[in-house]
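> give me a model of this one.
(2 chains)
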Number of protein chains: 2
Amino acid sequence: MKAEIITIGDELLIGQVIDTNSAWLGQQLSSLGITLYQRTACGDSREQILSCLHDASLRSDIIIITGGLGPTKDDITKKTLCEYFDTTLVTDDKVLEWVTKIFRMRKMPMLDINLQQAMIPANSKTLWNRSGTAPGMWFDINNKIYISLPGVPFEMKVIFEEEAVPLLKQKFELPYIYHRTLQTCSIGESFLANKIKDIEENLPSYIKLAYLPSVGAVRLRLSAYGNNKEQLETEVAQICNQFYERIGEYIYGEGNDSLNEVIGVLLKGKNKTMATAESCTGGFIAHQITSIAGSSKYYKGSIVSYDNSIKQLELNVSDEILKTVGAVSEACVKQMANEVLKKFDVDYAIATSGIAGPDGGTDEKPVGTVWIAIANKNEVIAQKFNMGDNRERTILRTCLMSLDMLRKMLLQEN
Amino acid sequence: MKAEIITIGDELLIGQVIDTNSAWLGQQLSSLGITLYQRTACGDSREQILSCLHDASLRSDIIIITGGLGPTKDDITKKTLCEYFDTTLVTDDKVLEWVTKIFRMRKMPMLDINLQQAMIPANSKTLWNRSGTAPGMWFDINNKIYISLPGVPFEMKVIFEEEAVPLLKQKFELPYIYHRTLQTCSIGESFLANKIKDIEENLPSYIKLAYLPSVGAVRLRLSAYGNNKEQLETEVAQICNQFYERIGEYIYGEGNDSLNEVIGVLLKGKNKTMATAESCTGGFIAHQITSIAGSSKYYKGSIVSYDNSIKQLELNVSDEILKTVGAVSEACVKQMANEVLKKFDVDYAIATSGIAGPDGGTDEKPVGTVWIAIANKNEVIAQKFNMGDNRERTILRTCLMSLDMLRKMLLQEN
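Got it, this is the predicted structure:
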């Protein structure tokens, strides 16, 4: 079962709007066992819409069209669909009643263009929009399904879930696709690939592995295609077990887990607290941790000691350290971590100090040099990294590496 | 001049990644005077890539391909381009040297698959990637341009801006479009539109105004189309002057200015320093300020007092304040701002305290309630906001509002 998405709107092409609808629809289709084969974005132009519809219908069984259903002049999807299917618009009385009611409730006068919202092509079935004035439409033509949805994300979602999905399940006997994603960090894509080369090469043809890299992290996604749900899930679980055995130390979570969430779960499970002392990361680790709702349960706070005077004042970093080995040193981050641990009375602490750049590098300590320390009440460990010469990525990587170091410390204690 | 984008990757189709590259490229093309005609996303499949390339070449002059250039097996763009153009891969010695150097710097061994990163199709020109190991490629075939870029956003952006744009300008005589963007914040889109309604209505037909809203901010982009560069720039300048007169207090910058940069420029100009004391923003303001290179010149650091015990310990917030009016109060943020100003010995301080949610709201202080204080050596001002019920947006809005309050204080003193 192959599907395509056609998103309509000039605003998508000139980059005024980021198309989040397609990603959401892709996830829904994939979980329904429908393969999203292609996705096309085109402008508010009759010719383009017609040509996209034509091309998509040659390739796919289900064509989902979003956008262009508003009341204004540039919204031409409905009339173009009429042209494509050689039909005309007719009023849907129930929708008309609904639209009239909405305008009455909002105490706004109905304009002629609003009346048109209640019209749908004669050969289509209305998909009810309980969140807005533009109904969706379902066309079943020559055994191909065309679904037209508004572009406003929450209207599109409600109509798709509540109206289109039941009809799709009724119409097609859907196959099953099972996805499972492992989240890794602290290892590069090619190293990872090398470590699991033989497992990858021995995958059956109906199970595919994808590497999804981002800064400092790589997701491994297994996709299994077939009909026997249980068997696929078992097979994927066996492969995942092989991955855990081989590269388990790099796997910090699954699905949409993030490192900061994982840290939170571990800390809450142990009923422990933490704090941070940040120099080069400048508050980014604190931000990442506190972006998780409920982090106040385990996170007490941070000393962002960007200036060396604050390292001395707040974290008791000695003149001697700053003068001999400097702020970007093992001695400095260890002192920072130990001090914030004690001062904030927490169980774990992260400290960072480095040269994010672009200035401040030396031969001995080039831009990208970062020291990270992790402390608990018994020990403090520190590690040196070179994070490269991009400021933004150095901050991001330092955050990930320090959270991963903390994760490992938390796990080792189990 | 028509362009298309083909984004390659299964992860885009199953919705694991939201395609932000296309929106960014759309903006760049539009500012170059190139029309983005269509955008297609397809899977990591040879047949699909070949068919997308074929179709796009029938419609457009410039075809930009992103993704599928990584070192692993599922990255097949390069070899598929070779098949499409009937050519083979050859090693680019300069790229090889560069890739080797990167691996040496990162102290990582070079694998066979990494060597392949340095290979490009024999009929292409290398687009240098100074941010990573995968080079971009430029093909000029039958007067159509094909540009292949990595899918990693920052690598894609650097290569496009630094390598592809100059070649595009050399190859095509591009029409002239003059853009000027004013950055506003602390005012909603419809209020802004209402204030400048008459100016907008009197714009000549060849000058267009676009509202580009994001959380807490609205960009106003004027685009002027024509041939007389000087005249267009003068006319746009006149319109901008009208905007400055009418809504100047909301305009914090132009072009790609960000509030944190603007604050930095103002502080450096006055040779002044600042610090922050953050509760609900949890280090995000510190992060925003320190994301600017050179911020160590004016930013000393932050106390992230997420837990009330840290507010007491580090910022001398009294038991009485916490027990009577609570941490989310005027008294608390004023004390936080004054204390960090004194303690860190700086000229300006920002303090925030609020309920980011989803939990912790009460009837009196619902989720989204935020107090912000701005202090200098003579005064401390505080303001209460309701930022709404989305945690992420509350943190972002609080950051923008507090930076804007500081901006206004810095300007008033001039």
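
> pLDDT below threshold where in chain A?
A:72-74, A:414 (pLDDT under 70).

> may I ask you to name the longest helix in it?
Secondary structure of chain A per DSSP state H: the longest helix is helix A:391-412.

> what comes up buried for stretch A:185-204?
In terms of neighbour count (16 or more other Cβ atoms under 10 Å in any protein chain shown), stretch A:185-204 has its buried residues at A:185-194, A:196, A:200. Glycine gets a C-beta too; all of them are placed from N, C-alpha and C.

> contacting chain B as well, which ones from the residues you listed?
A:188-191, A:193-194, A:200 (Cβ under 8 Å from any Cβ of the partner chain).

> A:Gly269 looks like it's in a helix, true?
Yes: using DSSP: H, G, I helix; E, B strand; the rest coil, the assignment for A:Gly269 is a helix.

> coming back round to it: farthest-separated two in the ones next to chain B among the buried residues of stretch A:185-204?
With distances taken as Cβ to Cβ, the most widely separated pair in these is A:Gly188 and A:Glu200, at 15.9 Å.

> packing partners for the longest helix of chain A?
Contacts defined by 3 or more Cβ pairs under 8 Å, 6 or more residues apart in numbering or on different chains; DSSP states H and E place helix A:391-412 against strand A:176-185, helix A:259-270, helix A:284-290, strand A:348-354, strand A:369-375, strand A:380-386.

> if we go to 7 Å?
Under the contact definition 3 or more Cβ pairs under 7 Å, 6 or more residues apart in numbering or on different chains; DSSP states H and E, helix A:391-412 sits against helix A:259-270, helix A:284-290, strand A:348-354, strand A:369-375.

> relative to B:Asp345, which of these is closest?
Nearest of the helices and strands packed on helix A:391-412 (Cβ to Cβ): strand A:348-354, 20.9 Å.

> relative to that closest one, what are the paired strands and their orientations?
Using DSSP bridges, strand A:348-354 pairs in its sheet with strand A:274-278 (parallel), strand A:369-375 (antiparallel).

> let me know the angle separating the shortest one from helix A:391-412.
Think strand A:274-278. Orientation of strand A:274-278 against helix A:391-412 (axes from the mean of the first three to the mean of the last three Cα atoms, to 10 degrees) gives an angle of 150 degrees.

> outside of strand A:274-278, which residues touch it?
A:267, A:285-286, A:298-305, A:315, A:336-337, A:339-341, A:344, A:346-352 (Cβ atoms under 7 Å, 6 or more residues apart in numbering or on different chains).

> can you tell me the SS state at the residue lying farthest from the centre of chain A?
Relative to the C-alpha centroid of chain A, counting by Cα atoms, centre = their mean, A:Glu320 is the outermost residue, at 45.3 Å. Of the three states, A:Glu320 takes helix under three-state DSSP.

> equivalent analysis for A:Pro213, please.
Under three-state DSSP, A:Pro213 falls in the strand class.

> who's in contact with the residue nearest to it when sequence neighbours are not counted?
Spatial nearest neighbour of A:Pro213, excluding adjacent residues (Cβ to Cβ, 6 or more residues apart in numbering or on different chains): A:Glu189 at 4.7 Å. Residues near A:Glu189 by Cβ under 7 Å, 6+ apart: A:211, A:213, A:218, B:70-72.

> just to be sure, which of the buried residues of stretch A:185-204 are found in strands?
Secondary structure from DSSP state E places A:Cys185 of the buried residues of stretch A:185-204 in strands.

> from the buried residues of stretch A:185-204, which is closest to A:Val99?
Distance ranking of these against A:Val99, using Cβ to Cβ, places A:Cys185 first at 50.3 Å.

> tally of neighbours for the residue nearest to the closest one when sequence neighbours are not counted?
Nearest residue to A:Cys185, sequence neighbours excluded (Cβ to Cβ, 6+ apart): A:Ala217, at 4.3 Å. The number of residues packed near A:Ala217 is 21, by other Cβ atoms under 10 Å in any protein chain shown.

> A:Ala217 and A:Ile49, how far apart?
In this view, A:Ala217 and A:Ile49 are 39 Å apart by Cβ to Cβ, to the nearest Å.

> next one: A:Gly9
Distance from A:Gly9 to A:Ile49, by Cβ to Cβ: 11 Å.

> cool, and A:Glu163?
Counting by Cβ to Cβ, the gap from A:Glu163 to A:Ile49 is 22 Å.

> what does A:Ile292 give?
43 Å.

> which of the two has more neighbours?
Higher neighbour count among A:Ile292 and A:Ile49: A:Ile49, with 24 against 20, using other Cβ under 10 Å.

> so which residues make contact with the helix or strand hosting that one?
Taking DSSP states H and E as the criterion, A:Ile49 maps to helix A:46-59. Helix A:46-59 is contacted from outside by A:2, A:4, A:6, A:8, A:37-38, A:40, A:42, A:63, A:76-77, A:80, A:83-84, A:144, using Cβ under 7 Å, 6+ apart.

> buried stuff in stretch A:111-126?
For stretch A:111-126, using 16+ other Cβ under 10 Å, the buried residues are A:114, A:117-121, A:123-125.

> again with stretch A:30-40
By 16+ other Cβ under 10 Å, the buried positions in stretch A:30-40 come out as A:30, A:32-40.

> cool, and stretch A:323-342?
Result for stretch A:323-342 [16+ other Cβ under 10 Å]: buried residues A:327-341.

> thinking again about what came up before, ok, the residue nearest to A:Pro213 to A:Leu396 distance?
Separation of A:Glu189 from A:Leu396 (Cβ to Cβ) stands at 16 Å.

> and the residue lying closest to A:Gly15 once chain neighbours are set aside, what does it touch?
Excluding the flanking residues, the one nearest A:Gly15 by Cβ to Cβ, 6+ apart is B:Gly26, at 3.2 Å. Applying Cβ under 7 Å, 6+ apart to B:Gly26 gives the contacts A:13-15, B:36.

> try 8 Å
A:12-15, B:5, B:36, B:39 (Cβ atoms under 8 Å, 6 or more residues apart in numbering or on different chains).

> interface residues of the stretch 151-300 of chain A facing chain B?
Residues of the stretch 151-300 of chain A found near chain B (Cβ under 8 Å from any Cβ) are A:179, A:181, A:188-191, A:193-194, A:200, A:208-214, A:219, A:221, A:223, A:276, A:278, A:281-287, A:289-291, A:293-296, A:299-300.

> now those: which count as buried?
Neighbour-count burial (16+ other Cβ under 10 Å) is assigned, among these, to A:179, A:181, A:188-191, A:193-194, A:200, A:208-213, A:219, A:221, A:223, A:276, A:278, A:281-287, A:289-291, A:293, A:295-296, A:299-300.

> those helices in the stretch 51-200 of chain A, which residues are they?
For the stretch 51-200 of chain A, helices defined by DSSP state H, counting those that start in this stretch occupy the ranges A:77-85, A:93-105, A:112-115, A:153-159, A:165-171, A:189-195, A:197-201.

> now the fifth one: buried residues?
Put plainly, it is helix A:165-171. Under the neighbour-count criterion of 16+ other Cβ under 10 Å, helix A:165-171 has A:Leu168 buried.

> elements contacting it?
Helix A:165-171 is packed against helix A:21-32, with contacts defined by 3+ Cβ pairs under 8 Å, 6+ apart.

> and what of the third one?
The contact analysis (3+ Cβ pairs under 8 Å, 6+ apart) places helix A:112-115 against helix A:93-105.

> for the helix it packs on, what is the distance to the chain centroid?
Taking Cα atoms, centre = their mean, to the nearest Å, the mean C-alpha location of helix A:93-105 is offset from the chain mean by 37 Å.

> likewise stretch A:356-366?
Computed by Cα atoms, centre = their mean, the chain-centroid distance of stretch A:356-366 equals 33 Å.

> list the buried ones in stretch A:344-363?
Of all the residues in stretch A:344-363, those buried under the rule 16+ other Cβ under 10 Å are A:344, A:346-357, A:360.
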